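> Build me a structure from this.
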Amino acid sequence: MKKKVISSLLAATMVASLVVGCGTSGESAEATADSGSASTEESADESADAADEAAPAADEGGSKLVGVAMPTKDLQRWNQDGSNMEQQLKDAGYEVDIQYASNDVATQVSQIENMVSNGCQVLVIASIDGESLGTPLAAAKDAGIPVIAYDRLIMNSDAVSYYATFDNYMVGTKQGEYIRDNLDLDNAAGPFNLEVFTGDPGDNNAKFFYNGAMDVLQPYIDEGKLVVKSGQVDFATVATANWSTETAQARMDAILAANYSDGTKLDAVLCSNDSTALGVENSLAAAYTGDYPIITGQDCDIANVKNMIAGKQSMSIFKDTRELATQTVKMVDALMAGGEAEVNDTESYDNGTGIIPTYLCEPVFADADNYKELLIDSGYYTEDDLK
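Prediction:
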């Protein structure tokens, strides 16, 4: 009888311990950072704390499944980003669920919801529209799944643990400086004619690119040394929905017809990326008889590098997506282990709920003089890719 009593007491104790343990786990998974912190450092620390709290749930589940949501396969750069990310995650021992959303917001929302329900333990998301993911990210947060914003900052969600990107303001700065230096704006008399094309208004990065470039070029516009004959300068007017080559080409067709069909020289076109630059170049090839202007770009897409070699595009910002993938995998590693990821910016990127701890990779520019060193010698492309 005495043995039966002792056995009953031990069983009751074990049940009570299990109940307490389950309650603690649920509370940990639901813990969040206080978005109303008073300082930048506190806000960044709290985002890291929230990531730490979510990570043990992933470890306890024993899963190493990472969900990767990419915006589209329609642009070369996202194919490369996705391929690099998938390979490096697999090399690090993770299973990968990678999805492309054809630039359709509803599709991306559905894909992320499926990743949450299918048991992904970390989400890496390159958003189509940074304002549109509130519902699936709330579900991810409720499930204790940390989120890494990849290249594009996800806005107004406290589910975001980290942000991995390039220094996007620097991208624009380098484009503006290239135009400034190659037109010799500090010494030449001018005036020079300029037109401006930037990216999708729903992409937070587009504003950084635009602001970085215009902070360099606006003083010369103000003094009359640079003239935008179309009058189209403000961000809303020069933005290009979905970074579409066709949309950029149609707008450039209209600008050429209205302002340059009489032989007026076009000296430079600021294009924030290669897909918009390609649209501009297609338009020039069809309807412009003068010398090609200075044209900037970004991503070093194969078609644009070929144009650069042929003298139809002046430069393109090279963002080595292998490096960005490497830093993102390091973030995944840290989250899976319940630690803190390496970051180098805790001040610049506020997504509306607080500062998101960020790792910034540094962009460089490629042109006809250095593309072999940057793109071929590094193994990013082969000689045959560019023939």
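> Show me which residues of stretch 167-180 are buried.
Buried residues in stretch 167-180, counting neighbours by 16 or more other CB atoms under 10 Å, are found at 167-180. From N, CA and C alone the C-beta is placed, and that goes for glycine too.
> do stretch 232-241 as well
Those buried within stretch 232-241 under the rule 16+ other CB under 10 Å are 232, 238-240.
> Pick the one among the buried residues of stretch 167-180 closest to Gln249.
Gln175 (19.5 Å; CB to CB).
> Please report the confidence value the model assigns to the closest one.
Note on Gln175: pLDDT of 98.
> From what I see, it and Ala213 are in contact.
Yes - counting by CB atoms under 8 Å, Gln175 touches Ala213, with 4.8 Å between them.
> shared neighbours, the two?
270, 272, 296 (CB atoms under 8 Å, 6 or more residues apart in numbering).
> Can I get those residues in CSV including neighbour count?
CSV is the format used below for the shared contacts of Gln175 and Ala213 (neighbours: other CB atoms under 10 Å):
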residue, neighbour count
Leu270, 30
Ser272, 33
Thr296, 32
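> For the residues you listed, please prepare JSON lines with the additional fields secondary structure and pLDDT.
Output for the shared contacts of Gln175 and Ala213, formatted as JSON lines (DSSP: H, G, I helix; E, B strand; the rest coil; pLDDT from 0 to 100):
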{"residue": "Leu270", "secondary structure": "strand", "pLDDT": "98"}
{"residue": "Ser272", "secondary structure": "coil", "pLDDT": "98"}
{"residue": "Thr296", "secondary structure": "coil", "pLDDT": "98"}
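> one step back: would you point out the most distant pair within the buried residues of stretch 232-241?
The widest separation within the buried residues of stretch 232-241 (CB to CB) is 11.6 Å, between Gln232 and Thr240.
> Tell me which residue lies nearest the centroid of the protein.
Centroid-nearest residue in the chain, with CA atoms, centre = their mean: Asp151, separated by 2.0 Å.
> Next up, the contacts around it.
Contacts of Asp151 (CB under 8 Å, 6+ apart): 81, 126, 164-166, 205, 324.
> For it, what are phi and psi?
phi 70, psi -40 (degrees, to the nearest 10).
> Then the one 10 residues further on?
Phi and psi for Ser161, reported as degrees, to the nearest 10, are phi -90, psi -40.
> For the residue nearest to the centre of the chain, give me the pLDDT.
In the prediction, the pLDDT value recorded for Asp151 is 93.
> again with Gln80
pLDDT, Gln80: 88.
> related to what we said a few turns ago, out of the buried residues of stretch 232-241, the closest to Leu256 would be?
Gln232 (12.7 Å).
> Then that closest one would be within a strand, right?
No - according to DSSP: H, G, I helix; E, B strand; the rest coil, Gln232 belongs to no strand; its state is coil.
> Kindly provide the distance from Ala333 to Pro146.
Careful, residue 333 is Asp and not Ala. Distance, Asp333 to Pro146, by CB to CB, to the nearest Å: 12 Å.
> So for the two, which sits in the more crowded spot?
Comparing Asp333 with Pro146 by other CB atoms under 10 Å, the one with more neighbours is Pro146, at 28 against 16.
> Phi, psi for that one please.
In terms of degrees, to the nearest 10, the main-chain angles of Pro146 are phi -70, psi 150.
> same question, the one 3 residues further on
Backbone torsions for Ala149, taken as degrees, to the nearest 10, come to phi -80, psi 120.
> The one 10 residues further on too?
Note on Ala159: its backbone torsions stand at phi -90, psi -10 [degrees, to the nearest 10].
> just checking, it touches Ala143?
No - if you go by CB under 8 Å, Ala159 and Ala143 don't touch, sitting 10.0 Å apart.
> what about this protein, any weak spots by pLDDT?
1-63 (pLDDT under 70).
> Domain ranges for it, per the record?
As given by automatic domain parsing, the domain ranges for the chain are 28-167+320-362, 169-319.
> In TSV: those, plus distance to Tyr371.
TSV is the format used below for the domains of the chain (distance: least, CB to CB, whole Å):
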stretch	distance to Tyr371
domain 28-167+320-362	13
domain 169-319	6
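> how about those, which one is nearest Tyr381?
Nearest to Tyr381 among these is domain 169-319 (7.0 Å), distances taken as CB to CB.
> What segments of the stretch 151-300 of the chain are strands?
160-166, 192-197, 226-227, 268-271, 294-295 (DSSP state E, counting those that start in this stretch).
> Number of residues surrounding Ile302?
By other CB under 10 Å, the residues close to Ile302 number 14.
> so it makes contact with Arg77?
No - Ile302 is not in contact with Arg77 according to CB under 8 Å; the separation is 10.4 Å.
> on that earlier part again, so which of the strands of the stretch 151-300 of the chain gets nearest Gly339?
Nearest of these (CB to CB): strand 160-166, 11.8 Å.
> Check which helices and strands that closest one sits against.
Strand 160-166 sits against helix 40-61, strand 147-150, helix 321-337, strand 358-361, with contacts defined as 3 or more CB pairs under 8 Å, 6 or more residues apart in numbering; DSSP states H and E.
> after the longest one, next one along is what?
Right, the one you point to is helix 40-61. strand 65-70 (DSSP states H and E).
> which residues are in contact with that following strand?
For strand 65-70, the surrounding residues in contact (CB under 8 Å, 6+ apart) are 78, 81-82, 85-86, 89, 94-101, 108, 111-112, 115-116, 118-127, 150, 332.
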